[in-house]
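Novice: after the sequence you'll find the predicted model.
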Amino acid sequence: MRVWIVFLLCLAGRAMAAPTEEESVVEELVTEDPVVEEPELGVNPVQVEIGEFDEAIEVDEDVAAENPCLEYHCKKGKVCEVDESNSPMCVCQDPSSCAAAEGEFEHICGTDNKTYDTSCHFFATKCTLDGTKKGHKLHLDYIGPCKYIEPCLDNELGEFPLRMRDWLKNVLVTLYERDEDNNLLTEKQKLRVQKIYENEKRLQAGDHSLDLLAHDFEKNYNMYIFPVHWQFGQLDQHPVDGYLTHTELAPLRAPLIPMEHCTTRFFEQCDSDNDKYIALEEWANCFGIKEQDVDKDLII
Ligand SMILES: *[C@@H]1O[C@H](CO)[C@@H](O)[C@H](O)[C@H]1NC(C)=O
Ligand SMILES: [Ca+2]
Ligand SMILES: [Ca+2]
C-alpha cells in the first residue's frame, strides 16, 4: 500500500515542480504522439480529425530557403530529411541514432513485452512498423524494463478502485493544501475540494484497510465524485473529447503498472464496450460512481 503514497507524492510533486526525466517521457508521449492508430470511423470523430493534422507543418519561408528542415516538425519516432527537390519530409528515425539510456529508468517496456533502451528507440522502432498490424498493436506499456507481472486475481481487481479512489481524493486535498500560488487548481476546482477538505468526517490520508476504504466510500460517497471526474479531466487532453485513448491514459498507467499488477486488467475492463476508448461514463462506472452522478460539467 505504500506505493500509493509514494505515487501520490509523485503526482502531487509533478503538478508543482518541473517534470523529471521520467515523467517527461510520458508527457512527451502524450503531446507528440496523438493517437492516430486505429481511427475507427464513427467511433470517435474528433479523434480521427485530429489525427489528420498529426504531422501539421510549420515552415518559416526564410529559414526554409537555407535548411528546409530547421522549422519542420516531425512527430516522435521520425526525423526530417530533404528530398531531391529540397523539400522537407519526415522519415522514420534509425533507432541506432538514438542516444543510449543513462539508466534503467529510461527503459521502456512495450506492449510486445520487449524492453526498449529509451522512448526514442521505442518510437523509432514503432515508426518502422507503421502500416503493419504489429505497428498498430505496439504501444508503450510501462516505464522501466519489462518484467514479470503477476496475474491480477479477481479479488485483487476489486481492491484496485478502492485504493485508487482514496488516492485521488488525497492527491486533490494535497494540491489544495499546497496551492499557495493558486496555480495548481482553478477557482472552481478549489471550491469543490474545499468541501472535501473541510469535511470532518473525511478519512485522513494513510494506510487504511480495504474494509475501512469500502466503508468510507459508502458513508462518504459524495466526496469521491469530484476526484474521479477530476482525474478524467486531467487525462482527457489530446483531444478534450470525453474519451481516453491508450495514449491519454499513459501518464497514469505507465508509472503505475510496475507497482500495481492489476493496472492493466483494471483499465481493460473499464472499457466495457470494448471500443478501445474509455468514455467518462465508463470511467466513472469503474470507480463505483453512480450513473446519475456522472456530470460532464464537473470536468472543468
Ligand atoms: C515479459 O518479459 C519478462 C522479462 O523478460 C518476463 O519475465 C515475463 O514473463 C514476460 N511476460 C510475458 C507476459 O510474456
Ligand atoms: Ca480524449
Ligand atoms: Ca469504451
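Specialist: Cool, got the structure. Numbering: from 1, shown residues only. Ligands and ions are numbered 1, 2, ... in the order given.

Novice: just checking, Tyr243 touches Ala279?
Specialist: Yes: using Cβ atoms under 8 Å, Tyr243 is in contact with Ala279, at 5.5 Å. Glycine gets a C-beta too; all of them are placed from N, C-alpha and C.

Novice: now do stretch 142-153: everything it contacts.
Specialist: The contact list for stretch 142-153 (Cβ atoms under 8 Å, 6 or more residues apart in numbering) reads 22, 25-26, 104-105, 107-110, 113-115, 160, 253-258, 261-262, 264-266.

Novice: end to end, how far does it reach?
Specialist: From its first residue to its last, stretch 142-153 covers 20 Å (Cα to Cα, to the nearest Å).

Novice: PyMOL command to pick out the buried ones of the contacts of stretch 142-153?
Specialist: Buried residues within those, by 16 or more other Cβ atoms under 10 Å, are selected in PyMOL with:
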select buried, resi 22+25+26+107+108+109+110+115+160+253+254+255+256+257+258+261+262+264+265+266
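
Novice: which of the contacts of stretch 142-153 are close to ligand 1?
Specialist: When the contacts of stretch 142-153 are checked against ligand 1 using Cβ under 6 Å from any ligand atom, the ones in range are Asn113.

Novice: in strands, which of the contacts of stretch 142-153 fall?
Specialist: 108-110, 115 (DSSP state E).

Novice: packing partners for the helix of greatest length in the chain?
Specialist: The longest helix of the chain (DSSP state H) is helix 154-178. Using 3 or more Cβ pairs under 8 Å, 6 or more residues apart in numbering; DSSP states H and E as the contact test, the elements touching helix 154-178 are helix 2-16, helix 187-198, helix 210-219, helix 221-235, helix 263-270.

Novice: list the buried residues of the third one.
Specialist: Okay, so that is helix 210-219. For helix 210-219, the neighbour count (16+ other Cβ under 10 Å) marks 213, 216-217 as buried.

Novice: and the chain, which residues reach ligand 1?
Specialist: By Cβ under 6 Å from any ligand atom, the part of the chain that sits against ligand 1 consists of 113, 146-148.

Novice: from those residues, list the buried ones, please.
Specialist: Buried among the residues of the chain next to ligand 1 (16+ other Cβ under 10 Å): Cys146.

Novice: and which of the residues of the chain next to ligand 1 is nearest Lys133?
Specialist: For those, the closest approach to Lys133 (Cβ to Cβ) belongs to Asn113, at 16.7 Å.

Novice: roughly how far apart are that closest one and Thr125?
Specialist: Note on Asn113: its distance to Thr125, by Cβ to Cβ, to the nearest Å, is 14 Å.

Novice: do the same with Leu140
Specialist: Separation of Leu140 from Thr125 (Cβ to Cβ) stands at 11 Å.

Novice: the two: who's more crowded?
Specialist: Leu140 (23 against 20; other Cβ atoms under 10 Å).
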